[in-house]
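> Build me a model from this:
(3 chains)
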Amino acid sequence: MKKLITTLLGTSLLATSALAADVKIGFVTTLTTPAAVIGKDMQNAVNLAMEHLGGKAGAHNLEVIFGDDGFAPDTGKQVTDRLVKQDQVDFVAGYIWSHVLLASRKSALDAGKILISSNAGPSQMAGKLCHENFFSASWQNDQTPMAMGEVLNKAGVKSLYIMAPNYAAGKDMVAGVERTFKGEIVGKDLTKWGADAQLDFSAELAKAKASGADGIFVFYPGAAAGAFTKQYHQAGLKDNLPLYSVFTVDGISLPKLQAANFSGIVGSKVTQEWDPSLDNVANQKFVSDFKAKYGTYPSFYAAQSYDTIRMIAAAVEKVDGDMSDMDGIRAALKSADYDSVRGSYSYGSNNFPVQNFYLREVVVDGDGNWTTQVVDTVLTNHVDPHAADCKMK
Amino acid sequence: MDYTLFVIQLLNGLQLGILLFLVASGLTLVFGILDFVNLAHGSVYMLGAFICASLTFALGNFVYALLISLPIVAVIGYGFERLIARPLYERDHLDHVLGTFGAILVIDTLAHMIWGPAGIAIPLPAALDGQTQLAPGIVVPTFRLAIITAGLIAAAGLYWLVNHTRTGMLIRAGASNRTMVTALGVDIQALFSFVFAIGAALAGLAGMLIAPITEASLGMGNNIIITAFVVIIVGGIGSMKGAFLAALLIGLIDTLGRAFLDDIFKLFMSSSAAENSAPAISSMSIYLIMALILFFRPQGLFPPKLR
Amino acid sequence: MQKKVFVQGLILATVLIVPLLLNYMGHPFYLDLATRLCILAIAAVGLNLILGYGGMISFGHAAYLGLGAYAVGIPAHHWLYGGMDVIATTNGFVQFGLALLVSGIFALLTGLICLKVKGVYFIMITMAFAQMVYYLFISIAEYGGDDGLVIDTRSEFPLVNFDDATQLFTICAVSLFFVMWLVWRISKSQFGMVLAGIKGNEQRMIAMGYNTFAYKLAAYVISGMICGFSGALLGNFTTFISPEMIDWARSGELMFMVILGGVATTFGPLLGAITFIILEEVLSTITIYWHLPFGLLLIGVVMFVKGGLSALIPKAEDKE
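Below is the predicted model of the structure:
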């Protein structure tokens, strides 16, 4: 037995020391469970970014090590510990899920690493728990639904039914839309989330229909998106309970909805800080190369992951690979001085982006594929509502 | 309380109950006759969904795909019995739990490798895709009615098989006295394989029926298997009638809990606390009921006579 | 006999020294791994008391891990963020005392009900109670609900510092050795003999005049408290507590450790935990499909390895 242990330990030690890169990035995402569909898209984008960079930041080699959070906060924390302590990465990045990020935060920051979220933007980490070594490459959870709230007001929606999964981000999303929506909230359901998430919404949809609301606001990311949209249409709610969603109809769910021929979704509108149709050089190269390599449009998860790697590379280049120059790295990240696929943006006092939010519409492109395109700018250079709670200057 | 909403929620609960019964019936058959704890039964439910999804795209029609998937899933159940279950019959329940837990991991990972992580949405034929008006104000998705109908037909077929055929007689005899059946010179091995195949087909059917609603997805079997176990324990292991009634009971409790509990909670706690705790408490109530029933009736509601 | 003692001593020494050595050589990750291993091994040893020696198959022991962890987390949470002044503290004696108390009471109350049923019904009713605890913690938004509870502070004891990874590991390892010794003592005592008798033939023990229910209940409570203690250590180790700890799959993993190592043996649960943790670690770094070889191995062990890994120790000790 002991022999076995020592041999196993020995081999894994060898495995880690054999590959030596100048700068190592740990990237935590979901690679198992149905939510892996998002993780795969992010992984693809990271690999594409590395390809575009030639695996280098200036003269320095970059290496990305992926970690699987299994869609569970405790697994996410464990894998973060491993990246920090065993692989000794310089940057910890990724994180789809707010609760996983909240659980893993301490492991990365206590070890003095730079932590960059490629998606999750929990309100706590924008406010009370903000940290000089934490940066967001995405948004704060409240912002996208805040933009949707404005859209609802403009559309003349007076009463709203709300559905979201019961976890950190779901609660932020609900709070976000409540911040800007001026009408009445007539009902709200928070459903079970995680690896054993609730996917049959019969009871909730019947309640929503009976509530007589002017519209329904939902947040169902990843695999749940398809299930929700389907049931929404099967219940025949399209005409009397219009759907307003965030992070639900996206590059992940659209190909699947198209395969199942859910034509009802074409024309529906969502808010987002990025879109494949955004007209800038970096974005067009990203979208066309992504489509050429993987055959689908990139999702916003992919766009943010791509940006994450680009902004790390820019910062490493700026300090010339000197990972001990933490002040220099922080300043470089904070300057947002790289070609982001969302166009240029800046960082607020809490290290969250100050950026535009667009209204986008589902359309059919020239090749017959379903995608989105920008129809309006809803919020301009928007600062998230929790920045005021952050004590950093 | 709104009367039409209540009726609709009753139908939703009925639909969940029927699906639970389809999964639980195979479980209780295998458990009652073979005394075998099969955690991997939920994986067959998932396989049914995925196979049916693939065939729907290959054939272009959900109904044909479902009919062809049924025998395929039955064969998988048969193979599972030969490979995994048979060597473990003589062992204790502990080995059953662990062996089939291992089987869950293997089957789930294989499904991940074959179909990818994304899950598959299944398109429905137009006739099943709309809504049906049952009474003024009571409009429900047609497909949910189809699930209830298909489930009831399967349940009736099972009732006929168990109560009015020779095989059924042996199955019932096996459930109450296994040695006697063997003593009668029946090929007990063949009977066991048959029971396994039937159970797999029923669980697979449940998976195929739910897939057009929730999509075929990884891990979907693990969500339902524990609830299905609750059903057969509450109903009494080996009892078909018990499984049926318990499935409806659990289905209704879960659905009505999700539908109305938060409004009740709001009477005595803040609205945000109610929204947060109501779904969890309604999930919890299922287990609470199981514990209560076992406390007063340690063999479940309808224990089969004699063992 | 000599050889057996030598092998056992070697195992214990390896568990204690190798991680410290690796940490010293600049691989702190392995110290973490070993800490987790020791904590889970304690829970497995606790489960083995009723599962192995008592023949009571509990499919819900992860509940005690969770209760123990929340008994550390909830006082720490209130100490950090206010509210519930009665229990708001970081004092380790209070937190660990609470963990033992809560898990003991929970085991007593559920034991009174669970032990009335037998066989598969017992497996399932223990699982039902664990699920209730699982959903209970999900429903309490104050303690994070589904998101779990991040505690930024560990239990405070005089002389030792839980924030120091080396000290925390040493405490977990020593606790493990103590719990192994404790369960070994129990199994060799009069009490343990009666328990083994009940596992073999309960009717006979009743006929001999033993109140078998009381014996089983006592074993059930001790087992629950050991797991609660392990949960308190786990909460301290991860500083993150979530309902996920109570999930039925976790209960299954604990059972797997005990059976893989060998039921009703002193070293079985430890060997099972070592194998489990190392397999999980090594396989999951190699491939995201690691559940496949893991599941195959599980099936293989159930089918072909009788008596678990500890049967491989020369002259297997105290097996029935």
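> How about the helix or strand hosting B:L205 and chain A, touching?
According to DSSP states H and E, B:L205 maps onto helix B:188-214. Yes: looking at helix B:188-214 against chain A by CB under 8 Å from any CB of the partner chain, the contacts come from B:210, B:212-214. Every C-beta, even on glycine, is put in place using the N, C-alpha and C of the backbone.
> ok so A:Q373 is a strand residue?
Yes: using DSSP: H, G, I helix; E, B strand; the rest coil, the assignment for A:Q373 is a strand.
> Any idea how many residues pack against the nearest residue to it once chain neighbours are set aside?
Counting by CB to CB, 6 or more residues apart in numbering or on different chains, A:Q373 lies nearest to A:S277, which is 4.1 Å off, once chain neighbours are set aside. Look at A:S277: counted by other CB atoms under 10 Å in any protein chain shown, it has 19 neighbours.
> what kind of secondary structure is A:S277 in?
Following three-state DSSP, A:S277 is assigned to coil.
> Could you list which residues are in contact with it?
A:360, A:371-374 (CB atoms under 8 Å, 6 or more residues apart in numbering or on different chains).
> For those residues, name the two members farthest from one another.
Taking CB to CB, the two most distant members of the contacts of A:S277 are A:T371 and A:V374; they sit 11.2 Å apart.
> out of these two, which sits in the busier spot?
Between A:T371 and A:V374, A:T371 has the larger neighbour count (other CB under 10 Å), namely 23 against 17.
> Among the contacts of A:S277, which one lies nearest to B:D254?
Among the contacts of A:S277, A:T372 lies closest to B:D254 (CB to CB), at 36.0 Å.
> Quick check: beta-bridge partners of the closest one?
Following DSSP bridges, A:T372 is listed with bridge partners A:V362.
> dump the residue contacts of it.
If a contact means CB under 8 Å, 6+ apart, then A:T372 has A:249-251, A:254, A:270, A:272, A:275-277, A:360-363 as its contacts.
> 7 Å instead?
A:275-276, A:360-363 (CB atoms under 7 Å, 6 or more residues apart in numbering or on different chains).
> Give me the pLDDT for the residue nearest the centre of chain C.
What sits nearest the mean C-alpha location of chain C, by CA atoms, centre = their mean, is C:A43, with 0.8 Å. What the model reports for C:A43 is a pLDDT of 97.
> A:L13 now?
A:L13 carries a pLDDT score of 46 in this model.
> hang on, the earlier thing: the very next helix or strand once past the helix holding B:L205 - contacts with which helices or strands?
Sequence-wise, the next helix or strand downstream of helix B:188-214 (DSSP H and E) is helix B:220-235. Under the contact criterion of 3 or more CB pairs under 7 Å, 6 or more residues apart in numbering or on different chains; DSSP states H and E, helix B:220-235 touches helix B:3-34, helix B:41-59, helix B:240-265, helix B:271-296, helix C:119-139.
> With distance to A:S98, mean pLDDT and mean neighbour count as extra columns, can I get those in TSV?
Output for the helices and strands packed on helix B:220-235, formatted as TSV (distance: least, CB to CB, whole Å; pLDDT from 0 to 100; neighbours: other CB atoms under 10 Å in any protein chain shown):
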stretch	distance to A:S98	mean pLDDT	mean neighbour count
helix B:3-34	29	90	24
helix B:41-59	28	95	25
helix B:240-265	23	89	22
helix B:271-296	16	84	20
helix C:119-139	16	90	24
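> And the host helix or strand of A:F286, what does it pack against?
For A:F286, the host element (DSSP H and E) is helix A:281-294. Contact partners of helix A:281-294 among helices and strands, from 3+ CB pairs under 7 Å, 6+ apart: helix A:36-53, helix A:300-318.
> So which of those helices is nearest chain C?
The closest of the helices and strands packed on helix A:281-294 to chain C is helix A:36-53. By CB to the nearest CB, the value is 7.9 Å.
> Establish whether the strand or helix carrying C:Q203 and chain B are in contact.
Per DSSP H and E, C:Q203 falls inside helix C:202-207. No: Helix C:202-207 is not in contact with chain B by CB under 7 Å from any CB of the partner chain; minimum separation 14.9 Å.
> CA atoms only for that helix, dumped as CSV, please.
Once non-C-alpha atoms are left out, helix C:202-207 reads as follows in CSV (Å, rounded to 0.1, in the frame of the first residue of the first chain):
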residue,chain,number,x,y,z
GLU,C,202,-30.6,-10.4,17.2
GLN,C,203,-33.4,-12.8,18.3
ARG,C,204,-30.8,-14.8,20.3
MET,C,205,-29.5,-11.7,22.0
ILE,C,206,-33.1,-10.7,23.0
ALA,C,207,-33.7,-14.2,24.3
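> Show me which parts of that helix are buried, residue by residue.
Neighbour-count burial for helix C:202-207, counted by 16 or more other CB atoms under 10 Å in any protein chain shown, picks out C:202, C:205.
> roughly how far is that helix from the heart of the chain?
30 Å (CA atoms, centre = their mean, to the nearest Å).
> What lies in contact with the helix holding A:F286?
Residues outside helix A:281-294 that contact it (CB under 7 Å, 6+ apart) are A:44-45, A:48, A:276, A:297-298, A:302-303, A:306, A:339-341.
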